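Engineer: for reference, the sequence and a predicted model appear below.
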Amino acid sequence: MAVERTFSIVKPDGVQKNVIGEVYRRFEQAGLKIIAAKMVQLTQAQAEGFYAVHKERPFFKDLVKFMISGPVMLQVLEGENAVAKNRELMGATDPKKADKGTIRADLANSIDENTVHGSDSLDNAKIEIAYFFSNTEICPRTR
Ligand code: RTP
Ligand code: MG
């Protein structure tokens with residue numbers, strides 16, 4: 001298994017519910033290191049660009065509206081198998097279908113307000129990290 005980087009967002013519902021620390025605890029407990037992080041209020045253009053792959057989907061407008069409804073926490077996670085590991089920690093898109101013990105099953109309200117985003121492939125992770133972070137904002141740790 002290779003050391004990978006993946007991109008993660010604590011969505012507006014997670015920030016609002018005060019569970020940033022709980023989400024980070026799960027990342028760290030699973031061996032993922034937070035090597036970059038910032039809280040931002042996304043603009044509509046940023047949210048539309050980020051979710052451009054979904055622009056023809058019926059939920060696109062609501063998704064963008066939700067993602068700009070409050071601040072989000074953006075982070076880069078690094079670790080063995082980070083992309084798949086983060087998706088495992090997150091659970092299924094719909095919290096009702098997510099396995100118990102996953103972030104979405106335990107903390108999310110609904111398929112729309114599902115607390116976290118995580119890159120779904122290594123290629124997308126690279127694109128998404130570069131969308132929000134410059135190289136100087138990323139602080140890898142050599143142990
Ligand atoms: P994400 O991209 O946010 O990590 O979530 P995901 O891969 O599990 O789900 P994806 O298919 O990429 O969809 C992106 C986000 O759009 C919202 N969604 N709503 N109402 C719906 O049927 C529906 N489907 C997707 C969710 O907030 C999902 O996280
Ligand atoms: Mg996705």
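Structural biologist: Cool, the structure landed. Ligands and ions are numbered 1, 2, ... in the order given.
Engineer: how about the residues of this structure near ligand 1?
Structural biologist: H54, F59, L63, T93, I111, D112, N114, H117, G118, D120 (CB under 6 Å from any ligand atom). Just so you know, the C-beta spots here come from the backbone N, C-alpha and C atoms, and that holds for glycine as well.
Engineer: wait, doesn't the last one sit right on M90?
Structural biologist: Right, D120. No. Checked against CB atoms under 8 Å, the pair D120 and M90 is beyond contact range at 10.2 Å.
Engineer: neighbour-wise, which of the two wins?
Structural biologist: Between D120 and M90, M90 has the larger neighbour count (other CB atoms under 10 Å), namely 22 against 15.
Engineer: and the more buried one, what does it touch?
Structural biologist: Residues counted as contacts of M90 (CB atoms under 8 Å, 6 or more residues apart in numbering) are A98, T102, I103, R104, V116, G118.
Engineer: which stretches of this structure form strands?
Structural biologist: Using DSSP state E, the strands of the chain run over 3-10, 33-40, 72-80, 116-118.
Engineer: which stretch among these comes nearest R141?
Structural biologist: With CB to CB, the closest approach to R141 among the strands of the chain belongs to strand 33-40: 6.1 Å.
Engineer: sweet, I'm off.
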